[in-house]
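Student: Turn this into a model:
(one chain, ligands or ions: 2)
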Amino acid sequence: MGTSAQEIYDVVGIGFGPSNLSLAIALEEHRVNFSESPVTAAFFERQPSFGWHRNMLLPSTTMQVSFLKDLATFRNPVSRFSFVSYLHDSGRLAHFVNTQTFFPTRQEFHQYLEWAESRLADRVSYNSEITGIRLPPAAASGEASQYVQVEVRNGNGAGTRLVNARNVAISTGLVPRMPDGAERDERVWHSSEFLAKFQQMKPEELKRVAVVGAGQSAAEITRFLYDSLQHAQVFAIVPSYGYSVADDTPFANQVFDPSAVDDYYFGTGPTREAFWHYHKNTNYSVVDDEVIRDLHRRAYDEDVCGTKRLHFLNLTRVNEIKRVGNETRVSLESLLDSNAQELDVDALVFATGYDAMEPSGLLGDLDRYCLRDESGRHRVQRDYRLVTTPAVSCGIYLQGGTEHTHGLTSSLLSNIAVRSGEIADSIIMGRAEGGPETEQ
Ligand code: FDA
Ligand code: NAP
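Tutor: Ligands and ions are numbered 1, 2, ... in the order given. Got it, this is the predicted structure:
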């Protein structure tokens, strides 16, 4: 394993999805606006090139957030990295405005993200997975360490190297969740791998397919399978009685405002609980109105025509899955009748959601210097920096995984421009003051 003296950065970003792309923009705009010596930054991404949930880039799916909540606008409304700048640059500004929507397709937003990324590509290394963060050997002597070592594994088989960082910004994203006991294989997929797996199959082999879940991913995949496999029986295994709508009405949507982060962060336990109790249905286990109506229209049309290949198994959960030849046998349990039911399918998609980002795996031994609250969760400052003991004086920032401290926007796009600005400011201020503070 090699380490190079030159490779000491003010900030190393782990993962290069929208969150750290937004941080790269905030740092770049600070450099341009204040003509200071730039904050040196390097970002590492394990994918071979930029990609934002590529396996869910289904035709016609739309964003669940206004295009104004892009990588920069809420922090800097005149940013050259805004979605409007991208539209202008692409010659589509007037055309887009004529669509009269706040919600572009996910495909168009992906193009926007790629456009922004291409302007900062010199600071990203792809095929580069971070496998751990640790204190440098000198720190063993008890001196507070001003930097950490980040271990980078090159996906092209070029080995592993160490990079030194005065700050790290961990932004590795959501973690796909499978029900206990369900193993993925070439015919049992999680929604996060959907398109790649689907494209490996011959469509004519997929005569019976099933989708588990009642969230946005499940509804979008069910619709896609129904439309693209016109010969197939499609089963939606829905844990609720039917899909529930995602509340994006104006008052409820305030939970995603930048100011809601303060209300949540500085709130009491009951304040935080109230956010989840009243507003979980803005994001989790819910579906956009338009997709619900689209699916219902298909089901109703089938009734009118007397054909049936879209089947909703409501109040139903998966008990067990077994491989039988090329087919997967799914044991189902329904709350509508107590009899277990079996379903044989050629492909089964678990659209069963995600767990929040959890940095402990990357932190390894360093985690013992990171303080926890009485529930055992990481303590995080308002500027998204982990609270550490004095042995670590460099900053470890989280973009994601802060639902318990910063609330509902933690895994979403809504607040990334503002959050990245706050992290950039904290890093820049820390540099001016000779390093961020720590707590005993
Ligand atoms: P994201 O997951 O995008 O990026 C993390 C990156 O880190 C990935 O590129 C990953 O490869 C990389 N990585 C992971 N581990 C690594 C390691 N050890 N080393 C190096 N790289 C590593 N939210 C919203 O507000 N509006 C929306 O419309 C949507 N739409 C949407 C669609 C779908 C299909 C999903 C699953 C989710 C959404 N979301 C969303 C929520 C989603 O979390 C959000 O859009 C962003 O992806 C968050 O960006 P991040 O950069 O934080 O994570
Ligand atoms: P989700 O909202 O967490 O939904 C997961 C679904 O799976 C829930 O209905 C859940 O039911 C169900 N489930 C979990 N375990 C189950 C089990 N063992 N058996 C049966 N059902 C089970 O996940 P998601 O739909 O993937 O959405 C995740 C995030 O991505 C959200 O922020 C969403 O908005 C976003 N997204 C956006 C787009 C887009 O922009 N167009 C597309 C897809 C996803 P319970 O409620 O009972 O747990």
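
Student: what ranges of the chain fall below the confidence cut-off?
Tutor: Along the chain, segments meeting pLDDT under 70 span 1-6, 35-36, 139-142, 432-440.

Student: Enumerate the residues of it near ligand 2.
Tutor: 56, 61-64, 106, 179, 191, 212-218, 220, 239, 283-285, 317-318, 351-354 (Cβ under 6 Å from any ligand atom). (Glycine included, C-beta is placed from N, CA and C.)

Student: how about whichever residue of the stretch 1-150 of the chain sits closest to ligand 1, what does it touch?
Tutor: In the stretch 1-150 of the chain, no residue comes nearer to ligand 1 than Gly17, which is 2.1 Å away by Cβ to the nearest ligand atom. Residues counted as contacts of Gly17 (Cβ atoms under 8 Å, 6 or more residues apart in numbering) are 45, 52, 171, 173.

Student: what's the neighbour count on the third one?
Tutor: By other Cβ atoms under 10 Å, 28 other residues sit near Ser171.

Student: and it, what is it in contact with?
Tutor: 13-17, 19-20, 23, 357, 398-400.

Student: Which ones among the residues you listed lie within helices?
Tutor: Among the contacts of Ser171, the members found in helices (DSSP state H) are 19-20, 23.

Student: State the number of residues packed around the residue in the stretch 101-250 of the chain that ligand 1 sits nearest to.
Tutor: Ligand 1 sits closest to Gly173 of the stretch 101-250 of the chain, with a gap of 2.2 Å, by Cβ to the nearest ligand atom. Gly173: 20 surrounding residues under other Cβ under 10 Å.

Student: Now it. Its backbone dihedrals?
Tutor: phi 80, psi 180 (degrees, to the nearest 10).

Student: and it, how far is that from Thr62?
Tutor: Using Cβ to Cβ, to the nearest Å, Gly173 is found at 21 Å from Thr62.

Student: Check Pro250 too.
Tutor: Taking Cβ to Cβ, one finds Pro250 at 18 Å from Thr62.

Student: More neighbours: which of the two?
Tutor: The neighbour count for Pro250 versus Thr62, taken as other Cβ under 10 Å, is higher for Thr62 (18 against 6).

Student: Spatially, and excluding backbone neighbours, which residue is closest to that one.
Tutor: Among residues not flanking Thr62 along the chain, Phe103 sits closest, at 4.5 Å (Cβ to Cβ, 6 or more residues apart in numbering).

Student: hmm, who's touching the strand or helix carrying Trp115?
Tutor: For Trp115, the host element (DSSP states H and E) is helix 106-118. Helix 106-118 has contacts (Cβ under 8 Å, 6+ apart) with 16, 18, 21, 25, 50, 52-54, 56-59, 61-63, 67, 70-71, 81, 83, 86, 89-90, 104, 124.

Student: Gln233 is in contact with Glu302, isn't it?
Tutor: No. Look at Gln233 against Glu302 with Cβ atoms under 8 Å: they stay out of range, at 11.5 Å.

Student: Give me the common contacts of the two.
Tutor: Common contact partners of Gln233 and Glu302 (Cβ under 8 Å, 6+ apart): Arg309.

Student: Which one's more surrounded, the two?
Tutor: Gln233 (19 against 15).
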